[in-house]
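Enquirer: Give me coordinates for this.
(one chain, ligands or ions: 2)
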Amino acid sequence: MEKERRITEVPRIGKAAAEDLSSLGIRTLSDMILFRPRAYDDRRDERTVRMASVSDPTISCRIVILSHSEFPTKKGLTLKVTAEDDDGTRLEILCFNRGYLKAQLAIGTEWYIFGKVQRIRGRFQTSSFEIKRTKEEAGIGRILPVYTLTGNLTEKMMRAAAYYSLMALSPIPDELPQRLYEEYSLLHHDEAYKAIHFPDTLEEAGKALRTLAFTELLMMEIMVLRESIKPAEKKKSTIFPIERKLLEALPFRLTPDQEKSAEEIREDMDSGIPMNRLLQGDVGSGKTLVAWLSALHAIAQGGQVAFMAPTELLARQHADGAAALLASLGIRIAFITGSVKGESRRLLLKSLKDGSTDLVIGTHALFSEDVEFRNLRFVIIDEQHRFGVQQREALMKKGRGASILSMSATPIPRSLALTLYAAYSVSTLHTMPSGRRPITTYLVREDRREEMYKAVGVEFSRGHQAYFVYPRIDDDGESELRDVTTMYEVLKKEYPDTPSALLHSKLPDDEKMRILHDFKDRKLAYLVSTSVVEVGIDIPDATCMVIEHAERFGLAALHQLRGRVGRSSLPSYCFLVYGKNLTDEAKARLKVMKETTDGFRIAEKDLEIRGPGDITGDKQSGFLRLKFASLTSDLDIVEKARNEAERIIKDDRGLLKAENAVLRNNLPLYRKESELPQKKEEPKPKVVKAQKKKEKTEQGFLEF
Ligand code: ADP
Ligand code: MG
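Expert: Ligands and ions are numbered 1, 2, ... in the order given. Below is the predicted model:
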């Protein structure tokens, strides 16, 4: 497709409209063609007034105007037009603020109406309608695209722009080798682009979407594969003495996966090309250490390092950890969050700017406007999935040219990993540090919690510690859920003379810190907490994790929470307490938790149970830019595209064969532009025949 014809070429798209379009990412005719309708408006069938029902209130039919009347409302006069359709059913058309319609809708004239009808006291009324002179103008008999709008754009303008663009750029050449069209029963691209905007049937729209999604995914997979299967030329990287020193100071050896990941990172850093790598590994697999080693490498090369954590709590923990491990090696460490202010902030900023800080640890405050670095070479993002798009953009700006290591403890199924992280190289920590005992998980029915309390009590008597997690902070009266405030009192009675603390997000940060320190120093035997403890907290002597209302938590959250225990060689236990009316899904989730502690298995099961819904969500799609494919709901297409890409690359890596020329030529069009602002994932196109908007039910993630 030609890339450069401006959208302003479309008749009646002026400067203002062009600006609105631009904020939707549409600047050229081809952008417009690639702008996927958010839904379709099916006006194919004539629907007379009496066919309107609560479940489908739409009408699209011919009417004749019978009479006018006006009646006063708060805002002035409202015009009421009475009309009749071909069945002879009366319809009242309420024209709020549209008094001018009186002249147009002259008595006795014929119109085509499309709208939504309500039945009020036996009378059919509409106030949401389009009314047109001809059937064609009203779109009756057709399926119309519905686009996301912004500013003063209207659907009419969008449709006109899409139509114009399609005509102007037609015929759009094929983008795939011929054999694939048949093999995967795809539409040819010219047809597909037309049908995604103006389909004759909804089936056709579906086929068009499959075609365009498959094409995108195939292109992306080809890119990924071409980049990942690099010709085997083993680079030798350097380990600097300071890294050796850290390794020698550790009371344990690196796991083979840690070694391998650290080596991969060193190779990248020595290559001189900025790295963009994902380090994924289950909770407790030892990602942080790999990060510190890599940080030392970057510092030894003369750079500065920024380590960003999603919460202040976690940032502090990492700062403490870094101080313990790295300060003695002469690394100059600083800590910054939004709450560092005044003189100390000024000094800190100065030390970053003049290079007298080597390693700065903090929250996203690291990337506020006023923070400047002398030579930022390496950015580490802990729990990267917790950061939003904007935060990442700020980071991309500051860290331009720096290497980025994103760490994630949310394992994703293999089939998705490479695709989701197409813009990343990936290192994985599969194995856990040795000496860890597996965590035993018990499913506890609510009315059996006494036994569990006893078991936890035994752990206390051994000097071990526990977490009790509840979904709510306090009881606001409206729910039966146990909350931390109430349970804190209950548990005090259960375990008299056992020091404990209440922990939740409404506490001031220094209070939270103090509690965690006390817990770590074993001054406290247990914490009663909301899921704030979900994120990376490391307390080796904590051996019990009790999660109440476990059925309300998603698998990923349960897995994360459970990962807070089992962090030493002590045997650990997780108690998942569940209530009565469990849904099948909740049962399945709990069963998975009982069966395995392997995060990768759990992620796969999650996929099975929930279907490829929004497990990974928009936040994780990294820097991919897909217009038609959804990585999560088009899983079957993802798999097909991947297999096909493997076949093609195996057979013709350079895409040099004649049949693959079309791929080679089109590939650049599909390159992700990693620094473009990301648009939010759009809802799947759905037919808006009726107005039954399904309430979005939130998966049982309760985060505070
Ligand atoms: P996560 O991958 O969840 O971020 P951490 O980096 O917090 O995990 O590591 C969890 C714990 O394991 C820490 O206490 C860390 O010191 C310890 N650890 C890391 N690597 C090893 C190892 N190779 N052998 C033993 N313990 C390790
Ligand atoms: Mg961690």
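
Enquirer: Now do the buried residues in the helix or strand hosting Cys61.
Expert: Per DSSP states H and E: Cys61 is located in strand 58-73. Buried residues in strand 58-73, counted by 16 or more other C-beta atoms under 10 Å: 58-63, 65, 68. No exception for glycine: its C-beta is placed from N, CA and C like everyone else's.

Enquirer: which one of the residues you listed is nearest ligand 1?
Expert: Of all the buried residues of strand 58-73, Thr58 has the smallest distance to ligand 1: 52.4 Å, by C-beta to the nearest ligand atom.

Enquirer: Test my guess that the closest one contacts Val49.
Expert: No: if you go by C-beta atoms under 8 Å, Thr58 and Val49 don't touch, sitting 10.7 Å apart.

Enquirer: Tell me the one of the buried residues of strand 58-73 nearest Val638?
Expert: Val638 lies nearest to Thr58 out of the buried residues of strand 58-73, by C-beta to C-beta, at 34.6 Å.

Enquirer: State which helix of the chain is the longest.
Expert: The residue-count maximum for a helix in the chain (DSSP state H) belongs to helix 202-228.

Enquirer: any low-confidence regions in the stretch 401-550 of the chain?
Expert: 412-423, 475-479, 532-537 (pLDDT under 70).

Enquirer: ok, back up a step: toward the C-terminus, what is the element adjacent to the longest helix of the chain?
Expert: The helix or strand immediately downstream of helix 202-228 is helix 241-249, counting by DSSP H and E.

Enquirer: just the helices in the stretch 551-700 of the chain please.
Expert: Here the stretch 551-700 of the chain has its helices, by DSSP state H, counting those that start in this stretch, at 555-562, 584-595, 599-610, 635-651, 661-666.

Enquirer: how about those, which one is nearest Lys512?
Expert: Set against Lys512 and scored by C-beta to C-beta, those come closest in helix 555-562, at 17.0 Å.

Enquirer: For the strand holding Cys61, give the mean pLDDT please.
Expert: Mean per-residue pLDDT for strand 58-73: 91.

Enquirer: ok, now stretch 664-671?
Expert: Average pLDDT, stretch 664-671: 78.

Enquirer: related to what we said a few turns ago, take the buried residues of strand 58-73 and lay them out in TSV including distance to Glu659.
Expert: Formatted as TSV, those follow (distance: C-beta to C-beta, whole Å):
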residue	distance to Glu659
Thr58	47
Ile59	51
Ser60	46
Cys61	51
Arg62	52
Ile63	56
Ile65	61
His68	66
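
Enquirer: Closest one of the residues you listed to Leu429?
Expert: Of all the buried residues of strand 58-73, Thr58 has the smallest distance to Leu429: 54.1 Å, by C-beta to C-beta.

Enquirer: so the closest one bridges to which residues?
Expert: Bridge pairing for Thr58 (DSSP bridges) gives the partners Lys116.

Enquirer: my read: Ala501 touches Asp518, true?
Expert: Yes: using C-beta under 8 Å, Ala501 is in contact with Asp518, at 6.9 Å.

Enquirer: Tell me which of these two has more neighbours.
Expert: Neighbour tally, Ala501 and Asp518, criterion other C-beta atoms under 10 Å: the higher count belongs to Ala501, 20 against 14.

Enquirer: among the helices of the stretch 551-700 of the chain, which is the most enclosed?
Expert: Neighbour counts (mean count of other C-beta atoms under 10 Å) averaged over each of the helices of the stretch 551-700 of the chain peak at helix 555-562, with a mean of 24.

Enquirer: then that helix to CSV, C-alphas only?
Expert: C-alpha atoms of helix 555-562 as CSV (Å, rounded to 0.1, in the frame of the first residue of the first chain):
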residue,chain,number,x,y,z
LEU,A,555,-4.4,-17.6,39.4
ALA,A,556,-1.7,-15.2,38.8
ALA,A,557,-2.4,-13.4,42.0
LEU,A,558,-2.6,-16.6,44.0
HIS,A,559,0.7,-17.8,42.5
GLN,A,560,2.4,-14.5,43.4
LEU,A,561,1.1,-14.6,46.9
ARG,A,562,2.1,-18.1,47.5
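
Enquirer: host element of the residue lying closest to Arg90 once chain neighbours are set aside?
Expert: Distance criterion C-beta to C-beta, 6 or more residues apart in numbering; nearest residue to Arg90, sequence neighbours excluded, is Glu84 at 5.7 Å. Assigned by DSSP H and E, Glu84 belongs to strand 76-85.

Enquirer: looking only at pLDDT, what's the mean for that strand?
Expert: Across strand 76-85, pLDDT averages out at 90.

Enquirer: looking at this, Ile299 is in a strand?
Expert: No: using DSSP: H, G, I helix; E, B strand; the rest coil, the assignment for Ile299 is helix, not a strand.

Enquirer: Pretty sure Leu359 is one of the things it touches, is it not?
Expert: Yes: assessed by C-beta under 8 Å, Ile299 is found in contact with Leu359 at 6.7 Å.

Enquirer: Mutual contacts of the two, please.
Expert: 305, 331 (C-beta atoms under 8 Å, 6 or more residues apart in numbering).

Enquirer: what about the closest residue to ligand 1 within the stretch 101-250 of the chain, how many residues close to it?
Expert: Going by C-beta to the nearest ligand atom, ligand 1 is nearest to Leu250 of the stretch 101-250 of the chain, at 7.5 Å. Leu250 has 10 neighbouring residues, counting by other C-beta under 10 Å.

Enquirer: got a list of what it touches?
Expert: Listed by C-beta under 8 Å, 6+ apart, the contact partners of Leu250 are Leu289.

Enquirer: Quickly note the distance from it to His464.
Expert: Counting by C-beta to C-beta, to the nearest Å, the gap from Leu250 to His464 is 24 Å.

Enquirer: repeat for Ala557
Expert: Ala557 sits at a distance of 24 Å from His464 (criterion: C-beta to C-beta).

Enquirer: Count the residues that sit near Glu369.
Expert: Glu369: 8 surrounding residues under other C-beta under 10 Å.

Enquirer: what about it, is that helix, strand or coil?
Expert: coil.

Enquirer: Same question for Leu144.
Expert: Using three-state DSSP, the three-state assignment for Leu144 comes out as strand.

Enquirer: didn't it look like it was pressed against Tyr40?
Expert: Yes: using C-beta under 8 Å, Leu144 is in contact with Tyr40, at 6.9 Å.

Enquirer: re earlier: how near is the residue of the stretch 101-250 of the chain closest to ligand 1 to Asp86?
Expert: Distance of Leu250 to Asp86, given as C-beta to C-beta: 84 Å.

Enquirer: got it, and Ala300?
Expert: Relative to Asp86, Ala300 is positioned 83 Å away (criterion: C-beta to C-beta).

Enquirer: how far away is the closest residue to Thr201 other than its chain neighbours from Ser569?
Expert: Spatial nearest neighbour of Thr201, excluding adjacent residues (C-beta to C-beta, 6+ apart): Ile143 at 7.3 Å. Distance of Ile143 to Ser569, computed by C-beta to C-beta: 64 Å.

Enquirer: Check Glu639 and give its pLDDT.
Expert: 83.

Enquirer: for the closest residue to ligand 1 within the stretch 551-700 of the chain, phi and psi?
Expert: Minimum separation of the stretch 551-700 of the chain from ligand 1 (C-beta to the nearest ligand atom) falls at Arg567, amounting to 5.6 Å. When read as degrees, to the nearest 10, the backbone of Arg567 gives phi -100, psi 20.

Enquirer: ok, now which ones touch the residue nearest to it when sequence neighbours are not counted?
Expert: Closest residue in space to Arg567, ignoring its immediate chain neighbours: Pro540 at 5.1 Å, by C-beta to C-beta, 6+ apart. By C-beta under 8 Å, 6+ apart, the contact set of Pro540 is 567-568, 570.

Enquirer: Likewise for Arg90?
Expert: Per C-beta under 8 Å, 6+ apart, neighbours of Arg90: 49, 66, 82-84, 123-124.

Enquirer: Quick one, which of those are buried?
Expert: With burial judged by 16+ other C-beta under 10 Å, the buried subset of those is 49, 82-83, 124.

Enquirer: How many residues are close by the residue nearest to Ser500 when sequence neighbours are not counted?
Expert: Ranked by C-beta to C-beta, 6+ apart and with sequence neighbours excluded, the top spatial neighbour of Ser500 is Tyr526, at 4.8 Å. Residues near Tyr526, counting by other C-beta under 10 Å, number 24.
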